[in-house]
Each structure stands twice: as C-alpha cells, then as structure tokens.
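**Q** Any chance you can model this:
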Amino acid sequence: MPETTKKATKRPAKTPKATKQAQGSPAPKKNPVGAPTTYNQHIATVICIRIAEGESLRQILRAEGMPVQSAVYEWLLRHPEFAERYTRAREEQADTLADEIIAIADESPETVEVRDKEGNVLDIKIDSGYVNYQKQRIEARKWTAMKLKPKKYGDRVAVEGVEGGAAIKTEDAGADKFLEIIRNMEMTKRAG
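**A** Numbers count the residues shown, from 1 in each chain. Below is the predicted model:
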C-alpha cells in the first residue's frame, strides 16, 4: 500500500491589515476608495445609456468605478441637464421592458415528459413552474413600464360627462363592473 506524505506548508506572517480584519473590523466597501462622488459627465452618460438598455440603477452602481447611489441622487438635484437625460433614459427603459415582455412571451416553453413505469413517454406537458416563472417576469416588467411611462403603457382611462357630474370609463372589465355597481347605487339613492 503506497504511503502518502504531507508536506509542511509555511503560512505567511499576518500583516497588520490582515490582523485588523481578523479582529472584526468591517469588510471593504464594494465600490473602491476614490469612487467618484463629484459630477462626471462621462459616468453620467454611461448611467443613462445603461438605464435605457433596461438595467436598474442598483445594478449599474455595483460596477467598479461607479459612484454610490446617494451621489447619483445628488447629481440629479444639482445638474438639470443630467436630470433631464436621466428622465428620458427612464422613459426609454419602459420601451426596452416592453420589448423584453414580447421576447419572454415568444420563448418556447419548457416541457416535461410524462412516462409510465417502463420509461415509455406517455405525454409531453408544459412545465407549470416555468410558466409561472415567465408570468412573474412579464408582470414585473409590465408594472415597471406602466409606472415609468403611464401614458403609453398604463391603463387607459377616459372621462365622460353625464347628467349630475362626470363618470369614469376604463377599458378594464373589472373596473366596468365596479362602475356599474356605483351607477346602480346612485340610481337607488336618487329613487329613495
């Protein structure tokens, strides 16, 4: 039987920095020291481009060399041209999210084979877990697009004039039913 031998390895001596970290000092920050906090036109442009492409501000700021979130919010307050470009990028992000919704909906669903005891394929069914996952992805993008660009992606609402005030008409069937109940209550109130 062959014998195995262990080689003795020599550990490097602890440096003062390593000793300090081992004693429970806080871990280093994600953004490197010296991450820009003063306004930087190039970084502002990169942030706006990446937002328009669908990334969240949080994702963008995780990258090396990016400022902290509070610095970006300060830039928005102090630099109107950046605030305008940022607002436009958010509106474009809504269009990007709408495109992603279509792409997700067009993906071929994952399937699961149903087999008998011998291993023969009896049926092929769509994986319901996958369908629910895709629905969740679509709903998150849809909600965000509606909030970012409500005129284009929000629920359509129209106001109609009627005797005694205004009535709200929506394209949502649930809202139509709700409005019908309100109308019935108003008619009952007038009759009584």
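
**Q** residues touching Arg141, list them.
**A** By Cβ atoms under 8 Å, 6 or more residues apart in numbering, the residues touching Arg141 are 97-98, 100-101, 104. Every residue, glycine included, has its C-beta placed from N, CA and C.

**Q** could I have stretch 110-125 exported to CSV, CA atoms only?
**A** Output in CSV follows, covering the C-alpha atoms of stretch 110-125 (Å, rounded to 0.1, in the frame of the first residue of the first chain):
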residue,chain,number,x,y,z
GLU,A,110,-40.0,24.2,-21.2
THR,A,111,-41.7,20.8,-21.3
VAL,A,112,-41.8,17.8,-19.1
GLU,A,113,-42.1,14.2,-20.3
VAL,A,114,-44.7,12.1,-18.6
ARG,A,115,-43.5,8.4,-18.5
ASP,A,116,-45.0,5.1,-17.5
LYS,A,117,-43.4,2.6,-15.2
GLU,A,118,-41.4,1.1,-18.1
GLY,A,119,-40.0,4.5,-19.1
ASN,A,120,-42.1,5.0,-22.2
VAL,A,121,-43.2,8.5,-22.9
LEU,A,122,-46.9,8.9,-22.5
ASP,A,123,-47.3,12.6,-22.9
ILE,A,124,-45.3,15.8,-23.1
LYS,A,125,-46.6,18.7,-20.9
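
**Q** can you pull out the helices in this protein?
**A** Using DSSP state H, the helices of the chain run over residues 16-22, 41-52, 57-61, 69-78, 80-106, 128-148, 150-153, 173-191.

**Q** Quick check, pLDDT for the nearest residue to Glu74 once chain neighbours are set aside.
**A** Of all residues not flanking Glu74 in the chain, Thr37 sits nearest, at 8.0 Å (Cβ to Cβ, 6 or more residues apart in numbering). Listed pLDDT for Thr37 reads 76.

**Q** do Tyr153 as well
**A** Looking at Tyr153, the pLDDT reads 87.

**Q** Repeat that for Ser108.
**A** Looking at Ser108, the pLDDT reads 88.

**Q** With Pro2 instead?
**A** The model's pLDDT for Pro2 equals 45.

**Q** quick one: Asp106 from Gln134, how far?
**A** With distances taken as Cβ to Cβ, to the nearest Å, Asp106 is found 11 Å from Gln134.

**Q** what about these two, which has more around it?
**A** For Asp106 versus Gln134, neighbours defined as other Cβ atoms under 10 Å are more numerous around Gln134 (15 against 7).

**Q** For the nearest residue to the more buried one once chain neighbours are set aside, give me its contacts.
**A** Leaving aside its chain neighbours, Gln134 sits nearest to Ile104 (5.7 Å; criterion: Cβ to Cβ, 6+ apart). Listed by Cβ under 8 Å, 6+ apart, the contact set of Ile104 reads 134, 137-138, 141.
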